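predicted model and sequence below, questions to follow.
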Amino acid sequence: MAEGYFLAGRGTDSVNFDYFFRKNPFGGGFTIFAGLQDLFEMIEDFRFNSEAIDFLHKRGFHSSFLDYLKDFKFKGTLHAPQEGEVVFPNEPTITVEGNIIEAQLLETLLLNTINYQSLIATKANRLRHSAGDRGVMEFGMRRAQGWAVIHGSRAAVIGGVDSTSNVLSAYLYGLESSGTQAHSWIQSFKDEITAFRVYAETRPKNCVLLVDTYHTLNSGVPNAIVVAKEMEKKGERLSGIRLDSGDLAYLSKKARIMLDDAGLRGVKIIASNQLDEYIIKSLIDQGAKIDAFGVGTSLITGREDGALDGVYKLSQVNQRPTIKLSEDVYKLTLPGKKKIVRYYNGENKLYADAIVLAEENLSEIDTIYHPQYADKKSDVSGLKSEVLVSKVFENGKVLAPKKEVREISEYRKYRVSQLSEEHKRFEFPHIYKVGLSDALIKLREKLLADIKKKK
Ligand SMILES: Nc1ncnc2c1ncn2[C@@H]1O[C@H](COP(=O)(O)OP(=O)(O)OP(=O)(O)O)[C@@H](O)[C@H]1O
Ligand SMILES: O=P(O)(O)OC[C@H]1O[C@H](OP(=O)(O)OP(=O)(O)O)[C@H](O)[C@@H]1O
Ligand SMILES: O=C(O)c1cccnc1
């Protein structure tokens, strides 16, 4: 397509694309927006070196187009919310303005980065919701879809997990790293207690012992207690034990009693084994004495949802708003340059969002309309409001301040706290209102009428 636009002399046409998704993942009520800083880095590095040009040359691309690509640099403009923001279906979460070639070339990179990280950040937030103030560790690298995990661990921390066992991701993004040991460590020694002792000697700080290799309550926990006592004599402290099989509620309660009876109240109990947000919630409801959860597969793969369904749709060409029709009214795209407005109720909780034309003045919007049924409307006059998106990238430069992942996660925490409990419910969450302005509805109607006339 890029070559086609170039050869057709359309390389200077200016366009606007919208990134949006149609459905919150996991049947939830909202989505955590993540991946923006990684996208910026990719845009800054988005060049065609001589090897890439050679490769394309062998695939038959025109030499004039390849000359253009040699000097290619993305110079478009992006508007977006802050990373960690709570966002909703159909909102033009990122808008990309630029010439038609650069804006088109960005599509797949943007979708690849934002869809995956937003999916994982949203999943992590569900785990955080279930775990409350208990610890949650990301344990998924071994089960992830290849190298996506590097971004996945970052997104998991944005969404609310405390740390990752993926040391490379921790190194690259300054995340907290954490880990215990595998069954192979325990099996490799002649007996369990020797395995525990050697581990405690090697790593007395943050020492967590895996207690289920032979028999959790008859062997693992008693041996961990012996080693904890030996550590105490040296002025050290056992951090925790890890349960990795069996009935985690039952075993954690029994283990807690055994540890407490031995005067080891400070030793934490960590659980793992195919956990997800529902099992964590159930364990807590059962009164399990678990202080922290290690979650692998379900977090890093975004189980049960394989992907966030985010798309990138053209909404304007050379100042001419465009629309894509669909048999399904929910799939009609929204024309023109737009922005998201967020309204707050008196308690500073999120009340509703609106999609409005970019040039609209907020003070002139007093009603927002259901996207499909315009007779369903909400009065937003007098409500506190703000534009959710700002210019984050322009002229090859990032304008948004670079933030540490922890700061992004703090922002996510604050924003989620402004959502009412009904929107956070896992089962049939209350649907958050995302309305359209009158001006946007009129523009959409005009384009639909124009298309009918042309038919
Ligand atoms: N009390 C509980 N309530 C709800 N779910 C639990 C409880 N205890 C464990 N689970 C979950 O039940 C599932 C048990 O899986 P599975 O039968 O494969 O484990 P296991 O046989 O104990 O362990 P493994 O196969 O690793 O030796 C896991 O997803 C685990 O997290
Ligand atoms: O949430 P999950 O997908 O279950 O990921 C975490 C699991 O991964 C590890 O087990 P694994 O069987 O890979 O090996 P190990 O226990 O022998 O180390 C770990 O012990 C957990 O059980
Ligand atoms: O640190 C651990 O115990 C760990 C890390 C990754 C996967 N399973 C366990």
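Structure received. Ligands and ions are numbered 1, 2, ... in the order given.

how close does the closest residue to ligand 3 within the stretch 301-450 of the chain sit to F426?
Of the residues in the stretch 301-450 of the chain, the one nearest ligand 3 is T301, at a distance of 13.7 Å by Cβ to the nearest ligand atom. For the C-beta atoms, the positions are set from N, CA and C on the backbone; glycine is no exception. Between T301 and F426 the distance, using Cβ to Cβ, to the nearest Å, works out to 18 Å.

the residue of the stretch 301-450 of the chain closest to ligand 3 contacts G146, doesn't it?
No - with contacts counted by Cβ atoms under 8 Å, T301 stays clear of G146, the gap being 11.1 Å.

more neighbours: which of these two?
With neighbours defined as other Cβ atoms under 10 Å, T301 and G146 compare such that T301 has more, 20 against 6.

now the more buried one, what are its backbone angles?
phi -100, psi 0 (degrees, to the nearest 10).

I'd like to know how many residues surround I441.
17.

so it makes contact with Y369?
Yes - the pair I441 / Y369 is scored as a contact, 5.8 Å apart, by Cβ under 8 Å.

got any ranges where the stretch 151-300 of the chain has weak pLDDT?
Nowhere does the stretch 151-300 of the chain drop to pLDDT under 70.

and it, which of its residues are near ligand 1?
Residues of the stretch 151-300 of the chain lying near ligand 1 by Cβ under 6 Å from any ligand atom: S245, G246, D247, L248, A249, N273, Q274, L275, I279, S282, L283, Q286.

what do you get if the cut-off is 5 Å, keeping everything else the same?
With the criterion set to Cβ under 5 Å from any ligand atom, the stretch 151-300 of the chain comes near ligand 1 through S245, G246, D247, L248, A249, N273, Q274, L275, I279, S282.

how near is the fourth one to ligand 3?
According to Cβ to the nearest ligand atom, to the nearest Å, L248 and ligand 3 sit 15 Å apart.

any idea how far V157 is from that residue?
24 Å.

more neighbours: those two, which one.
The neighbour count for L248 versus V157, taken as other Cβ under 10 Å, is higher for V157 (29 against 24).

so what secondary structure elements neighbour the helix or strand hosting the more buried one?
For V157, the element it lies in under DSSP states H and E is helix 148-159. Here helix 148-159 touches helix 100-131, strand 135-138, strand 163-164, helix 167-173, helix 297-300, helix 405-417, going by 3 or more Cβ pairs under 8 Å, 6 or more residues apart in numbering; DSSP states H and E.

now it - C-alpha only, CSV.
Provided in CSV are the C-alpha atoms of helix 148-159 (Å, rounded to 0.1, in the frame of the first residue of the first chain):
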residue,chain,number,x,y,z
ALA,A,148,6.0,-11.2,23.8
VAL,A,149,6.8,-11.9,27.4
ILE,A,150,9.2,-8.9,27.6
HIS,A,151,6.4,-6.5,27.0
GLY,A,152,4.0,-8.8,29.0
SER,A,153,5.9,-8.5,32.3
ARG,A,154,6.0,-4.7,31.9
ALA,A,155,2.3,-4.6,31.2
ALA,A,156,1.6,-6.9,34.1
VAL,A,157,3.3,-4.5,36.5
ILE,A,158,1.3,-1.6,35.0
GLY,A,159,-1.9,-3.5,35.6
